[in-house]
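In: Curious how this folds, go ahead:
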Amino acid sequence: MGVTGSTGPVMDRDEVDRALARLGAEHEAIETSLLALQDHAGRRLLEGAELTGVTRDRWTSTEASITLLWTYFDAYADALRTAREIRARRRWSSREDLVELTELLKGESVTVAGSATATANAPTAQGSPNRLSESYSLGTLVDRMNELYATSLDMVVAADAVWSALPARIDLLAAELQRTRRLAHSVGVRPGEHPAGDDLERITRTLTRLREEVVSDPLAYWQAAEGSSAPGGGRPDTTVYDREARALEDVRREIDAVLTVRQDAETRILKLRDILSRADRTLAEARTARGEVLAKIAATEVPVVSGPPTALQEQLATAAEYRRQAQWHRLSPLLESLEQKAEDELLRARESLTAVTAPLAVRAELRGRLDAYKAKIARHGFAEDTFVMERYEKARRMLWSAPCDLRAAEQAVLRYQQAAAELLGGPRVPDQGMSEDDRRGPGA
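Out: Predicted coordinates:
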C-alpha cells in the first residue's frame with residue numbers, strides 16, 4: 001500500500017477532518033456488516049455442507065468474494081489508520097501533511113494485493129480484468145466492498161431461507177405420509193394392488209429425492225424476485241413440495257373413502273340386496289301382468305319383459321366376498337358402481353311394469369268414465385232412456401268382455417258420451433275417431 005500521484009486541490013484541515021469522520025463511520029458500518037455476515041447461520045451451514053449443483057458453484061465464488069472482502073476491509077482500515085496518524089502529528093497540520101492526506105483520502109492510494117484464487121473467483125467491478133493487485137481510492141474501495149457484500153449476503157440469505165423453509169416442511173409431510181401408508185396398509189391399499197398405493201410409493205420417492213436436493217443444492221429451489229436488488233429478494237420455490245402435498249391429500253381422501261366403506265359396507269350391501277329384490281319382484285309382477293293383458297286385451301302391442309338382473313346379483317355376491325376378505329379397496333369402487341346400477345335397474349323394472357299394464361289402465365279409465373256418465377244421467381232422471389241405455393250396455397259389454405278390443409270399446413264409450421250429452425243438452429263430446437254411421441246415431 002502506498003501514496004501515488006497528484007489529486008488536484010489540496011484539502012484544508014476542516015475538509016480532512018470531515019472526510020476522516022465520514023470514512024470512520026463507514027468503517028464501523030462495514031465492520032459491523034462483515035461480522036454479522038461472518039456469524040450468519042446460513043454462512044456457517046454453507047461452510048459445513050456437502051454442496052452440489054448451482055449452490056456449490058455459487059458458494060465457491062461467494063467464499064472467494066468474502067475472502068477478498070476482508071482483504072479490502074483490512075486495506076481500507078490500514079489506510080484509514082495511516083490517515084489518522086498523519087492527522088494526529090500536529091494540531092495544525094502542515095502543508096506537507098495536508099498534501100499527503102489529500103493523496104491518501106482522495107487519490108488511488110490503496111494498493112490491494114490478494115491471493116490469485118480469491119481474485120479470480122470474485123466478481124470484478126465494471127468488467128475490469130482480474131489482477132493479483134489493484135489500486136483504489138478509499139471511496140472506490142467502499143463501493144467495491146458494498147458490491148461484494150451485497151452479492152455474498154444475497155447468496156447466503158437465499159440458501160438459508162430455503163433451508164429454513166423446506167426441509168422442516170418436507171419432514172412434516174413425510175411423517176404424515178408414513179401415517180397414511182400405515183393406514184392404507186390396514187385397509188388393503190398396497191402398491192401394485194391399488195392406484196392410491198402406487199401414488200404413496202411415488203410420493204415417498206419424490207419427497208426423499210427432494211429433501212436430498214434441498215439440503216445439498218438449496219439455490220436450485222430459490223426463486224429470485226423480479227426487479228428486486230435487495231439481498232435475499234425472493235422466496236423458496238415450493239412447486240414440487242406443493243404438488244406432492246396435494247397428491248398426498250388426494251390419497252388421504254381416497255383412504256378415507258375406503259375407511260367409510262369398511263364402516264358401512266354391511267348396510268350398503270343390505271340396501272343393494274333390497275333394491276335388487278324389489279326390481280326382481282317388479283319384473284315378476286310385470287311378467288304376470290303381461291300374461292293378464294294378453295288374455296284380457298285384444299289387438300294391443302304388449303312389450304316383452306326382461307329377465308331378473310342376474311349380472312348384478314353376481315356382482316353383489318362378489319361385493320359380499322370382498323367384505324368377508326376385508327378387501328376394502330376393491331369393495332369401494334364396486335359398491336359405488338353397483339349402487340348406481342341397482343337404482344337404474346329398479347327404475348327400468350318400474351317403467352317396464354308401467355308399459356305392460358298401460359292397456360289395463362286405459363280399460364280402467366274407460367270403465368270409470370262410462371260409470372260416471374251413467375251416474376250423471378241417473379241424477380237428471382234419464383236413467384230409463386232406451387237409446388242411451390242401449391249405447392251404455394253396448395259399451396259395457398265391450399269393456400267387461402275378454403279379450404277386450406280397446407279401440408272399439410273407446411268408440412262405444414264416446415258414442416255413449418255423445419248421446420248422454422245430447423240428452424242433457426250440454427256441449428257435444430268430441431267425436432274423434434267415430435264413423436259416419438256413429439255420428440248419425442240409431443236408425444241411420
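
In: domain ranges for the chain?
Out: 13-158, 159-260, 267-357, 360-440 (automatic domain parsing).

In: any idea of the mean pLDDT in the longest one?
Out: Averaging pLDDT along domain 13-158 yields 81.

In: Endpoints of that domain, how far apart?
Out: 45 Å (CA to CA, to the nearest Å).

In: per-residue confidence at the residue nearest the centre of the chain?
Out: Computing the C-alpha centroid of the chain and ranking residues by CA atoms, centre = their mean puts Arg246 first, at 6.3 Å. Arg246 is assigned 96 on the pLDDT scale.

In: Figure out the helix or strand that it lives in.
Out: Arg246 is part of helix 239-296, with elements assigned from DSSP states H and E.

In: on contacts alone, who are the packing partners of the helix or strand that that helix is followed by?
Out: Remark: after helix 239-296, the chain's next helix or strand is strand 297-298, criterion DSSP H and E. Packed against strand 297-298 by the contact rule (3 or more CB pairs under 8 Å, 6 or more residues apart in numbering; DSSP states H and E) you find helix 328-379, strand 404-405. Yep, even glycine has a C-beta here, placed from its N, CA and C like the rest.

In: Pick out the shakiest of these, pLDDT-wise.
Out: Of all the helices and strands packed on strand 297-298, the minimum mean pLDDT falls on strand 404-405 (a mean of 82).

In: Okay, now the sheet partners of that one, with direction.
Out: strand 297-298 (parallel) (DSSP bridges).

In: what's the angle between the strand or helix carrying Arg144 and helix 239-296?
Out: Element membership for Arg144 (DSSP H and E) is helix 138-186. Between helix 138-186 and helix 239-296, the angle comes out at 30 degrees (axes from the mean of the first three to the mean of the last three CA atoms, to 10 degrees).

In: so after helix 138-186, what's the next helix or strand?
Out: helix 195-216.

In: which residues touch that following helix?
Out: 49-53, 55, 162-163, 166-167, 170-171, 173-174, 177, 180-181, 184, 189-192, 220-221, 240-241, 244, 247-248, 250-251, 254-255, 329 (CB atoms under 8 Å, 6 or more residues apart in numbering).

In: Could you list every helix and strand in contact with the helix holding Arg246?
Out: Applying 3+ CB pairs under 8 Å, 6+ apart, we find helix 239-296 packed against helix 138-186, helix 195-216, helix 310-324, helix 328-379.

In: Columns distance to Phe73 and mean neighbour count on top of the ones you listed, output as JSON lines?
Out: Formatted as JSON lines, those follow (distance: least, CB to CB, whole Å; neighbours: other CB atoms under 10 Å):
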{"stretch": "helix 138-186", "distance to Phe73": "6", "mean neighbour count": "18"}
{"stretch": "helix 195-216", "distance to Phe73": "31", "mean neighbour count": "17"}
{"stretch": "helix 310-324", "distance to Phe73": "75", "mean neighbour count": "15"}
{"stretch": "helix 328-379", "distance to Phe73": "66", "mean neighbour count": "17"}
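
In: need those in a markdown table with distance to Pro9, can you?
Out: Converted to a markdown table, the helices and strands packed on helix 239-296 look like this (distance: least, CB to CB, whole Å):
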| stretch | distance to Pro9 |
| --- | --- |
| helix 138-186 | 16 |
| helix 195-216 | 57 |
| helix 310-324 | 98 |
| helix 328-379 | 89 |
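
In: got the angle for the helix holding Arg144 vs helix 328-379?
Out: Using the same axes, to 10 degrees: helix 138-186 against helix 328-379 is 70 degrees.

In: Mind jotting down where the strands sit in the stretch 1-150 of the chain?
Out: Taking DSSP state E, counting those that start in this stretch as the criterion, the stretch 1-150 of the chain carries its strands at 110-113, 133-136.

In: Is it possible to get a markdown table of those that adds mean neighbour count?
Out: Listed next are the strands of the stretch 1-150 of the chain as a markdown table, based on neighbours: other CB atoms under 10 Å:
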| stretch | mean neighbour count |
| --- | --- |
| strand 110-113 | 18 |
| strand 133-136 | 18 |
